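*Asks:* One predicted model, sequence on top.
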Amino acid sequence: MCCAAVLIAVMSAGVSAAVKQKSETVTIKTSAICNSCKNRLEKALKATDGVEEAALNLNNKKMKIKFDPAKTNANQLRQVIANTGYDADDVKKNETAYNNLPHCCQKPMEGEMSK
């Protein structure tokens, strides 16, 4: 009986390890321009279920996100960025969220004078 319990425990651990998915990483190009943008985006993403890490490189405007694919996916993460007021690859920013960003985080559109 004791050996059977140990065998079942070992087999269960092996099955749950096989079922558990590994993290994935995605890199998303954003329209962020300053440290306030960086802090806002990283905070929004880290608050998203399934996100393990989020870091924005302001030099190339790329957000690197490590996430659990069982809880979220790259398209949902792009939508979080867009809903925060920033472009995310080919997903355009939510205009209302963008308009609520601090002035330093709003860049003028091409051909438009800065405010």
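*Replies:* Ah, there it is. Computed from a predicted model, the values in this text were never measured in an experiment.

*Asks:* For the closest residue to E52 other than its chain neighbours, give me its contacts.
*Replies:* Nearest residue to E52 in three dimensions, chain neighbours excluded: K66, at 4.6 Å (C-beta to C-beta, 6 or more residues apart in numbering). Every residue, glycine included, has its C-beta placed from N, CA and C. When the contact criterion is C-beta atoms under 8 Å, 6 or more residues apart in numbering, the partners of K66 are 23-25, 51-54.

*Asks:* that's a helix at L45, yeah?
*Replies:* Yes. Counting by DSSP: H, G, I helix; E, B strand; the rest coil, L45 is located in a helix.

*Asks:* ok, how many other residues are close to the closest residue in space to it that isn't next to it in sequence?
*Replies:* Spatial nearest neighbour of L45, chain neighbours left out: A54 (3.7 Å); criterion: C-beta to C-beta, 6+ apart. As a burial measure, A54 scores 23 neighbours (other C-beta atoms under 10 Å).

*Asks:* Could you say which helix or strand holds A54?
*Replies:* Assigned by DSSP states H and E, A54 belongs to strand 51-57.

*Asks:* partners of that strand, with directions?
*Replies:* Strands adjacent to strand 51-57 in the sheet, as given by DSSP bridges, are strand 62-67 (antiparallel).
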